[in-house]
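In: Here is my input, please return the structure:
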Amino acid sequence: MPKPVAQFRHRAFPLSLLAAPFLALAALPAAAHSFQTVIMPADSQSAEEWVVHFREGFLLASEERDSHAAQESDGHLGGVDVYLNDLLPTEDMDGFAPPPEIAILPGPDAQLPDGWDKTASMVLPAAEEDRITPRDRTYLDRAAEPALAPFARRFEERAGRSPGSVETAGYLAGRRIDAALREAGGATDFAALQKALSALAEAPPAAGKVTPAQ
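Out: Model (predicted):
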């Protein structure tokens, strides 16, 4: 099996964030500079592997704009620091207080687990091969920074292999979040961000399989 380019980093965001007295996104002040995202794979034996490969694509998106040297976050989306975490099916939710603002789940019908504060987190379904929007295809063809090569080419240069559907889904999740944050004017208006994110994730069934630009 090809070696992933991004090392699996469980609980990757700084521990200081867990102790910091910041509130859920709906109550954040106008000066909010960061948000948390959690990847929640389906209950399967390959969950940890899925997270690793999803992270690879996501991180390519989060480094396209606004990243800088010595940053502690997992990159920037919409001009805001993003911290990417994961929650495997075998783990509980005790480490998430408050809950991350955005939860990425596989499949269009995925639901947050029982006991999760659904008023504090919005759900972003991971893109599937047959649920790709025209805007998604634009993201795959052109990086957020015009000087950069398209996603598939940059991924292959870094990993030495072509991206699969999971890596592509990770990249699209990052680009959707970036676009939603910019459309909503940042991470301070939960309702506006949720509306923008939902619109970007909508795709008709059988819209065509992922064919990343080379």
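In: Let's see the helix or strand where Leu105 lies as CSV, backbone CA atoms only.
Out: Using DSSP states H and E, Leu105 sits in strand 102-106. The C-alpha trace of strand 102-106 is given here as CSV (Å, rounded to 0.1, in the frame of the first residue of the first chain):
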residue,chain,number,x,y,z
ILE,A,102,-17.5,21.7,11.3
ALA,A,103,-17.8,17.9,11.3
ILE,A,104,-16.9,16.2,8.1
LEU,A,105,-18.7,12.8,7.6
PRO,A,106,-18.7,10.4,4.7
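In: Neighbouring strands of it in the sheet, and parallel or not?
Out: Using DSSP bridges, strand 102-106 pairs in its sheet with strand 34-39 (parallel), strand 122-126 (parallel).
In: The nearest residue to Asp117 once chain neighbours are set aside: neighbour count?
Out: In space, and not counting its chain neighbours, Asp117 is closest to Pro99: 5.1 Å by CB to CB, 6 or more residues apart in numbering. In this view, the C-beta of every residue, glycine as well, is placed from N, C-alpha and C. Per other CB atoms under 10 Å, the neighbour tally for Pro99 reads 19.
In: Under a three-state scheme, what state does Pro99 occupy?
Out: State at Pro99, reduced to three classes by DSSP: H, G, I helix; E, B strand; the rest coil: coil.
In: Need phi/psi at it.
Out: In this entry, Pro99 is assigned phi and psi values of phi -60, psi 150 (degrees, to the nearest 10).
In: OK, contacts around it?
Out: Under the criterion of CB atoms under 8 Å, 6 or more residues apart in numbering, the neighbours of Pro99 are Ala24, Val38, Met93, Trp116, Asp117, Ala120, Ser121.
In: For the closest residue to Pro100 other than its chain neighbours, give its distance to Ala179.
Out: Nearest non-adjacent residue to Pro100, counting by CB to CB, 6+ apart: Gln36, 3.7 Å away. Going from Gln36 to Ala179 by CB to CB, to the nearest Å gives 19 Å.
In: okay, the two: which has more neighbours?
Out: Taking neighbours as other CB under 10 Å, Gln36 and Ala179 compare with Gln36 leading, 24 against 19.
In: so where's the chain uncertain?
Out: Applying pLDDT under 70 to the chain flags residues 1-32, 45, 67-68, 95, 97, 203-214.
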